[in-house]
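Chemist: predicted coordinates and the sequence they were generated for:
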Amino acid sequence: QKDTNHTITIGNRFAKVFIFIFHSIDTMSESKPMTSVLIVGGKTGWIGGLMAKLIEKEPEIKVTLAESRIENREQLAKELDEVKPSHVLMAAGITGRPNIDWCEDHKPETIRTNVIGTLNVADLCLMRDIHVTVYATGCIFKYDDAHPLGSGIGFTEEDAPNFDGSFYSETKGYMEPMLKCYPNCLVLRVRMPVSDDLIHRNFVTKIVKYERVVNIPNSMTILHEMLPASLAMAKKGLTGVYNFTNPGVISHNEVLDLYTKYIDPTYHYTNFTEEEQNEVIKAPRSNNELDTTKLMKDMPEGVVINDIKTAYDLCFQRMKVNLTEMGWLPDNMPAEFVRAPKS
């Protein structure tokens, strides 16, 4: 009898917690003007750093790069109370170095940041009535019978994750249903992000250095177009999950052909199958198409988002200009990007 009463007591406590959460959801205030932004992952992170540079062009918005570690709840809470941001951009996370295979051998560290840390940000911001944009991932899906490769049928925001082949994707798959419970969160499913340079985090940089590549169409995110879009969405106060990619899909071969066209006409590559790829990596990779209907419908006015093939072509045009200004082009590319001539 004592055990039964104890169980009821615990159940009542959980009920009180859920009542508090739903009360918080019901009383969440309307969106506020963007006056002060705290960027979590802005000091050392790629996307966070790019967002900082973007917002710095708007002097009326104060930008602060977070010092706290997201897995340290008390430290993060203290910083939120000191900075008092109107908005938080959450761009911190572990993807592994040199790639997500790292997460397979560092599972506790991955959970600590990608799960516990992310929930800390969402939860602490909700308690302070702060809008938070989470740069998440769309690498939680794989082509299936309902979404066949080449069909043009993309996964929507309502689809549940169906890919947990890598531990990285598994942790991200945990997160999304939980983040949906937070009415202050805008969750953006970024995929294979691409920038206008050859920084090591760029999807183009990664595949250019591979000896062999698979050739599978995928949804991808061109940051030059999509990061300003994310800022506009945060200003508008949008919340919920969004597929955050340029419309359509593009294959690895199409990307590398554009690299050859604009950057290095001597570059060459070889394909191999997905099965062959799985033999040389620790964890399978996600390949999918995401439906961008909701994204385009809700996008604030004045934001230009091109289809992925147009966006990629424009990206490589900008990359050529940038690499020329850096002195890499026309004929001074770093050795890591130079391929031996075909025999």
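Modeler: Structure received. Everything quoted here is computed from the prediction, not taken from an experiment.
Chemist: render the CA-only coordinates of stretch 314-325 in PDB, please.
Modeler: What follows is stretch 314-325, C-alpha atoms only, in PDB (Å, rounded to 0.1, in the frame of the first residue of the first chain):
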ATOM      1  CA  LEU A 314      25.000  31.800 -57.900                       C
ATOM      2  CA  CYS A 315      27.000  30.500 -54.900                       C
ATOM      3  CA  PHE A 316      29.800  29.300 -57.100                       C
ATOM      4  CA  GLN A 317      29.900  32.600 -58.900                       C
ATOM      5  CA  ARG A 318      30.400  34.300 -55.600                       C
ATOM      6  CA  MET A 319      32.900  31.700 -54.500                       C
ATOM      7  CA  LYS A 320      35.000  32.300 -57.600                       C
ATOM      8  CA  VAL A 321      35.100  36.100 -56.900                       C
ATOM      9  CA  ASN A 322      36.000  35.400 -53.200                       C
ATOM     10  CA  LEU A 323      38.800  32.900 -54.000                       C
ATOM     11  CA  THR A 324      40.200  35.300 -56.600                       C
ATOM     12  CA  GLU A 325      40.400  38.100 -54.000                       C
END
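Chemist: same question for that stretch, mean pLDDT?
Modeler: Averaging pLDDT along stretch 314-325 yields 98.
Chemist: contacts for that stretch?
Modeler: Outside of stretch 314-325, the residues within contact range by CB atoms under 8 Å, 6 or more residues apart in numbering are 194-198, 204, 222, 224, 258-259, 261-263, 306, 329-330, 333. Bear in mind the C-beta positions are built from the backbone N, C-alpha and C, glycine included.
Chemist: now stretch 108-121: buried residues?
Modeler: For stretch 108-121, the neighbour count (16 or more other CB atoms under 10 Å) marks 110, 111, 112, 113, 114, 115, 117, 118, 119, 120, 121 as buried.
Chemist: what does it rub up against?
Modeler: Around stretch 108-121, the neighbours that count as contacts under CB under 8 Å, 6+ apart are 40, 69-71, 73, 76, 88, 90, 92-94, 96, 103, 132, 134, 167-168, 171-172, 174-175, 178-179.
Chemist: go again with 7 Å.
Modeler: 40, 70-71, 73, 76, 88, 90, 92-94, 103, 132, 134, 167-168, 171-172, 174-175, 178 (CB atoms under 7 Å, 6 or more residues apart in numbering).
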